[in-house]
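Engineer: The sequence isn't on hand, but the structure is:
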Ligand SMILES: [Zn+2]
Ligand SMILES: [Zn+2]
């Protein structure tokens with residue numbers, strides 16, 4: 001079968017190679033991939049940015065995918081060939097104290113599909129049964145690729161949920177910011193979204209089509225925001241956005257950190273303390289978040305067809321280029 005590999009620990013080194021199809025271990029399921037999406041962290045792996053350097057190469061990439069069950073291991077009872085499924089990306093152990101308290105997203109032993117074990121940018125992938133979810137009835141199977149990023153967005157929103165009528169600011173209109181904004185809308189909030197001038201051609205107009213209210217990317221955030229917002233969903237990982245967030249959120253408001261910073265960020269913590277701002281970091285999501293995120297995709301709260309742009313596996317490198325140049329919101333590779 002064909003698969004997209006990160007071959008070596010250096011920038012580039014992406015290759016489509018022919019490898020044998022995986023066979024399921026006793027507690028594994030082999031999924032024929034219907035669609036695998038590419039996200040910002042995949043671009044970091046491609047560029048070999050510092051934050052991505054815990055990837056072990058060579059590895060088949062892809063941690064956001066869905067497909068159809070093909071082969072099941074001898075111990076599998078809950079899935080059968082033909083089932084439509086999506087897979088979580090964090091391989092949690094189920095045994096450590098974190099897993100036992102339900103925080104599988106911060107499992108002590110966690111590894112990731114597509115970074116540490118073969119992922120879904122391939123015709124087929126073997127996945128531990130405990131990471132798989134059945135799709136809600138009627139949901140197009142390739143939309144399942146959004147299950148993982150929608151889980152990241154939903155987990156973050158649920159940590160500090162907005163109330164109906166709240167004004168929420170999303171900083172960073174990348175895919176996770178757009179998904180988090182859509183979920184905040186579903187809570188009954190009004191959702192503003194900010195970006196940089198680079199976001200003005202594609203991402204901010206897309207945000208508007210999704211019902212969010214883009215702010216002028218040419219105006220500093222503190223000028224663009226007239227009155228303090230109730231909650232900020234920081235989805236950029238940029239120090240400047242977090243600093244601005246501290247100054248536009250209301251006293252007693254919340255900032256949820258979703259975007260992964262690429263470097264250490266200096267912070268005006270005195271501002272956060274004086275205003276008693278709740279800073280809450282969010283990382284991936286849990287089994288329950290994933291199940292609920294699939295529901296949000298199935299019911300259209302997250303409109304997958306407006307976010308995903310299809311590519312063939314042979315054109316996966318073009319998909320990476322287009323994502324990097326922000327020509328599309330999120331590529332969906334269909335093997
Ligand atoms: Zn991702
Ligand atoms: Zn664990």
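Structural biologist: Ah, there it is. What you see is a predicted model; the values in this text were computed from it and never measured. Residues are numbered from 1 along each chain as shown. Ligands and ions are numbered 1, 2, ... in the order given.
Engineer: those helices in the stretch 151-300 of the chain, which residues are they?
Structural biologist: 175-186, 203-209, 221-224, 239-248, 269-274, 287-298 (DSSP state H, counting those that start in this stretch).
Engineer: Hmm, residue 44 is touching residue 52, no?
Structural biologist: Yes - the pair formed by residue 44 and residue 52 meets the contact definition of Cβ atoms under 8 Å, at 3.9 Å. C-beta: built from backbone N, CA, C; applies to glycine.
Engineer: Show me what the helix or strand hosting residue 98 is in contact with.
Structural biologist: Residue 98 is located in helix 97-100, with elements delineated by DSSP states H and E. The contact list for helix 97-100 (Cβ atoms under 8 Å, 6 or more residues apart in numbering) reads 92, 93, 104, 106, 107, 108.
Engineer: And it, what's buried?
Structural biologist: 98, 99 (16 or more other Cβ atoms under 10 Å).
Engineer: And the next helix or strand past that helix?
Structural biologist: Next along from helix 97-100, by DSSP H and E: strand 111-112.
Engineer: Just the terminal-to-terminal distance for stretch 13-29.
Structural biologist: 29 Å (Cα to Cα, to the nearest Å).
Engineer: cool, and stretch 224-237?
Structural biologist: Start-to-end, stretch 224-237 (Cα to Cα) is 20 Å.
Engineer: any idea of the mean pLDDT for that stretch?
Structural biologist: Mean pLDDT, stretch 224-237: 96.
Engineer: now stretch 159-166
Structural biologist: Stretch 159-166 comes out at a mean pLDDT of 98.
Engineer: That one: which residues count as buried?
Structural biologist: 159, 160, 161, 162, 166.
Engineer: before we move on, what about stretch 137-156?
Structural biologist: Buried, per 16+ other Cβ under 10 Å, within stretch 137-156: 139, 141-156.
Engineer: follow-up on the earlier one: buried only: go through the contacts of helix 97-100 for me.
Structural biologist: Applying 16+ other Cβ under 10 Å to the contacts of helix 97-100, the neighbour count classes 92, 104, 107 as buried.
Engineer: Now the last one: closest residue in space, sequence neighbours ignored.
Structural biologist: Read that as residue 107. Distances taken as Cβ to Cβ, 6 or more residues apart in numbering place residue 92 nearest to residue 107, at 3.9 Å, with adjacent residues excluded.
Engineer: just checking, that neighbour touches residue 102?
Structural biologist: No - between residue 92 and residue 102 there is no contact under Cβ under 8 Å: 10.4 Å.
Engineer: Run a quick neighbour tally on residue 17.
Structural biologist: Counted with other Cβ atoms under 10 Å, the neighbours of residue 17 add up to 13.
Engineer: ugh, typo on my part, it should be residue 186
Structural biologist: 16.
Engineer: and it, what is it in contact with?
Structural biologist: 296, 301.
Engineer: Tell me the confidence at the one residue in the chain that gets nearest to ligand 1?
Structural biologist: In the chain, the residue that lies nearest ligand 1 is residue 39 (3.2 Å; Cβ to the ion). Here, the pLDDT recorded for residue 39 equals 94.
Engineer: Then residue 51?
Structural biologist: Value for residue 51, per-residue pLDDT: 88.
Engineer: do residue 262 as well
Structural biologist: 84.
Engineer: number of nearby residues for it?
Structural biologist: Residues lying near residue 262 (other Cβ under 10 Å) number 14.
Engineer: as a whole number, average confidence for stretch 302-309?
Structural biologist: Across stretch 302-309, pLDDT averages out at 97.
Engineer: Between the two ends of it, how far is it?
Structural biologist: 15 Å.
Engineer: One more: stretch 59-72?
Structural biologist: Terminal-residue distance, stretch 59-72 (Cα to Cα): 23 Å.
Engineer: likewise stretch 214-221?
Structural biologist: End-to-end distance of stretch 214-221 (Cα to Cα): 11 Å.
Engineer: and of the helices of the stretch 151-300 of the chain, who's closest to residue 333?
Structural biologist: Distance to residue 333, taken as Cβ to Cβ, is lowest for helix 175-186 among the helices of the stretch 151-300 of the chain, at 14.6 Å.
Engineer: quick one: low-confidence ranges for the stretch 1-150 of the chain?
Structural biologist: Along the stretch 1-150 of the chain, no part satisfies pLDDT under 70.
Engineer: does any bit of the strand or helix carrying residue 34 sit next to ligand 1?
Structural biologist: Using DSSP H and E, residue 34 sits in strand 28-37. No - Strand 28-37 stays clear of ligand 1 (Cβ under 5 Å from the ion), getting no nearer than 7.7 Å.
Engineer: Could you point out the helix or strand that follows that strand?
Structural biologist: Assigned by DSSP H and E, the successor of strand 28-37 is helix 40-47.
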